[in-house]
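Q: requesting a structural model of the entry that follows:
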Amino acid sequence: MADTLGIVLTVFLLFVAGIFIWLAFSPFEMLGWWAGWFGDTIYWESPPEEEIAYAGEKECYILFFSGVGRATGETLSFRERDFLRRLAEANPQAHVIDDIFPYAVNNQSLTSHPLLAGLWRVALRSKAGGVPLAGYFINIRNIMQILISADRRYGPLFNQGVAEVIVNGLMRHGYTLESNAPVFLIGYSGAGQMAVGSSGYLKRWLQSPVYVISLGGVFGSDPALLQIDQLYHLVGSRDAVEPWWILAPGRWSFFATSEWNRAKRQGRITIVNLGPMRHTGGGGYLDAKKKLADGRAFVEATVDAVSNIVDTHPLLPAPNPPALVHVEATSAPAPLQVEEG
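A: Here you go, the predicted model:
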C-alpha cells in the first residue's frame, strides 16, 4: 500500500513540476515572434483562393473568440456554430467573424504548429474520440496563453500581436479603415482576457468604436478597460467559473486605483445577468434545449442580450484613421473536423 501511494505521489509531483516547466517556457513562443524569428506572417485556415469576398460593407463587425478548448481558428463546436448562425440572422446589419484563433500572436492554429503540429493533432483527434485527458492538454496550453496576456511583463507584446491579427481579419472580411464601423469583440470563457487585452490596441489603431462583450469571460484588470468604449460582462447565476475573478487582484474592490475599479466608476463596465445559466455544455449559455421562465432557450436569450448591445451602438461619423501596415496572409493545413458531445 505504501509503495502504491509513493508511486502515485511521485507521478503527481512530476506532473506538477512538468506544468511549472511548461508555464516557464510558454512566453518563449511569443517572445520569438516579437524578436522576428517567425516572420510577420498571419496564418488563416482557408487558403487565399477560398477567402470570401464580400460585396459592400456592413454597419458593424462582430468577432467571436472561443474558449480554451479550441485548437484552431475554425468553429468546430456545434453549439457555437448554432449560436453564431442565430447571431448572424438576428443582426443582418453586422458581419460575424469566427475564424480567429486568439491564443496565438500570429493566428497559427495548434494543428499547424511548425514543431508540435503532430502532437496537437493527436490530442484533438483523441478529444474527438472521447478521451477527455487529451482535451485537457489543449486547455492547459491555452490557459497559459491567457496568463501571458494578463501578465504586465509579456501581456503588452502578446496583446499587440492578437490585435494585429484582428485588424488583418477585419480587412480580410471587407472592413475599411475609413468606415469607422463599430467593432464588437465577444470573448467566451478564457477568451474574455484575449478580447480585453487586445481591445486597447484595436481602439487606438482603428479609431473606431470598440466594445468588448464578455460571455462568461475570465479576465483581469487591464489598461484597455480605460480605453475601450464599453465592456459588457454577460454572466449566468450558475456559472461555476465566474467566481474565478477573485484570482485577479486588480478586480478586488480593495484596490480602488486599478483599471477595473476606475473603469467601473467611469461607467465603462456593464454587468448583465443572463439567468440560471452554467458556463458551458448542457445548461450553458449556448444550450438550445434548456429554457428560461419566459420560454426562450438559453442560446436565444444569449443572442438577444448580444443583439440588444449591438443595437444600442449605431454607426458614428468617421475620423481620418492612421495608416496601418497590411500583413499578407498565407494558408495553413486544413483543420480536423470535430463535433462536440
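
Q: I figured Ser198 hits Ala163, correct?
A: Yes. Between Ser198 and Ala163 there is a contact at 4.2 Å, judged by CB atoms under 8 Å. Where you see a C-beta, it was placed from the backbone N, CA and C, and this is true even at glycine.

Q: out of those two, which sits in the more crowded spot?
A: Ser198 (31 against 23; other CB atoms under 10 Å).

Q: you'd agree that one is in a helix?
A: Yes. Under DSSP: H, G, I helix; E, B strand; the rest coil, Ser198 falls within a helix.

Q: and it, what does it touch?
A: Remark: with contacts taken as CB atoms under 8 Å, 6 or more residues apart in numbering, Ser198 is in contact with Pro102, Asn159, Gln160, Val162, Ala163, Ile166, Leu185, Ala224.

Q: look at it and report its pLDDT.
A: At Ser198 the predicted local confidence, pLDDT, stands at 97.

Q: any figure for the gap between it and Leu31?
A: 18 Å (CB to CB, to the nearest Å).

Q: can you give me the strands for the stretch 1-150 of the chain?
A: For the stretch 1-150 of the chain, the strands identified by DSSP state E, counting those that start in this stretch occupy 42-44, 60-65, 94-97, in order along the chain.

Q: which of these has the lowest average pLDDT?
A: Of all those, strand 42-44 has the smallest average pLDDT, which comes to a mean of 80.

Q: who wins for proximity to Val299 among the strands of the stretch 1-150 of the chain?
A: Put simply, out of those the one that sits nearest Val299 is strand 60-65, at 13.3 Å, with distance taken as CB to CB.

Q: what's the local residue count around Val122?
A: So Val122, with other CB under 10 Å, has 14 neighbours.

Q: and it, how far from Gly73?
A: Val122 sits 19 Å away from Gly73 when distances are taken as CB to CB.

Q: what of Val165?
A: According to CB to CB, Val165 stands 9 Å off from Gly73.

Q: which residues do those two both contact?
A: In contact with both Val165 and Gly73: Ile100, Asn107, using CB under 8 Å, 6+ apart.

Q: with just CA atoms, put stretch 191-200 into CSV.
A: As requested, the backbone C-alpha atoms of stretch 191-200 are provided in CSV (Å, rounded to 0.1, in the frame of the first residue of the first chain):
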residue,chain,number,x,y,z
ALA,A,191,-11.1,34.3,-24.4
GLY,A,192,-12.5,37.2,-22.4
GLN,A,193,-8.9,38.1,-21.5
MET,A,194,-7.8,37.9,-25.1
ALA,A,195,-10.7,40.2,-26.1
VAL,A,196,-10.0,42.7,-23.3
GLY,A,197,-6.2,42.6,-23.7
SER,A,198,-6.2,43.3,-27.5
SER,A,199,-9.1,45.8,-27.5
GLY,A,200,-6.9,48.8,-26.3
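
Q: might you list the low-confidence residue ranges for the protein?
A: Scanning the chain with the threshold set as pLDDT under 70 gives 1-26, 28, 46-57, 128, 130-132, 314-341.

Q: try it again at 90.
A: Counting by pLDDT under 90, the chain has low-confidence residues at 1-59, 68-78, 106, 108-141, 172-174, 176-180, 207, 244-245, 247, 313-341.

Q: can you map out the helices along it?
A: Assigned by DSSP state H, the chain shows helices spanning 2-25, 27-34, 78-90, 117-128, 132-150, 155-172, 191-206, 259-265, 298-311.
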